[in-house]
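Participant: coords please:
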Amino acid sequence: MKVKSREPAAVLATNHGSSPDLDKPIFTLSVASEILEVHPRTLMMYEHLRMISPKRTVTNRRRYSRRDVMKLQAIQTLTREHRVNLAGVRYILALLKRLHNAGVEPPEDLKNLDVTQLDV
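Facilitator: Predicted structure coming up:
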């Protein structure tokens, strides 16, 4: 029996269509933290700092969309690879979005961050 390797982060990053699927709240806190390989408390801290705002169910449970996970992946890239603090992450993501909207190429070091689908 063949076992498929799970690579949800790669699947999430490749869906660049402008579909409503990006905003559908489907991931629970534990699943999102598993996808991102972080402690669930980290995601709650990002929510407290208003860097991300997951939807809530009727019973007040968090549900993350693909767009939320993509934004969290961008936050992780900036904090882990570029050693940027969270205040800098906010600024850089907003700046990259403005550069994209203006049709200007991002700096060479940040070309791997795709902010076209992110809400910043």
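
Participant: so how far is residue 108 from the residue most central in space within the chain?
Facilitator: For the chain, residue 71 is the residue whose C-alpha lies nearest the centre (C-alpha atoms, centre = their mean; 2.0 Å). For residue 71, the distance to residue 108 equals 22 Å [C-beta to C-beta, to the nearest Å]. In this view, the C-beta of every residue, glycine as well, is placed from N, C-alpha and C.

Participant: how close does residue 38 get to residue 80?
Facilitator: The value you get for residue 38 to residue 80, if C-beta to C-beta is used, is 10 Å.

Participant: comparing those two, which residue is more hemmed in?
Facilitator: Neighbours per residue (other C-beta atoms under 10 Å) separate residue 38 from residue 80, with residue 38 holding more: 16 against 9.

Participant: not counting sequence-adjacent ones, nearest residue to that one?
Facilitator: When the adjacent residues along the chain are set aside, residue 38 lies closest to residue 76, with 7.5 Å between them (C-beta to C-beta, 6 or more residues apart in numbering).

Participant: show me where the chain has its helices.
Facilitator: 8-14, 29-36, 40-48, 66-76, 86-102 (DSSP state H).
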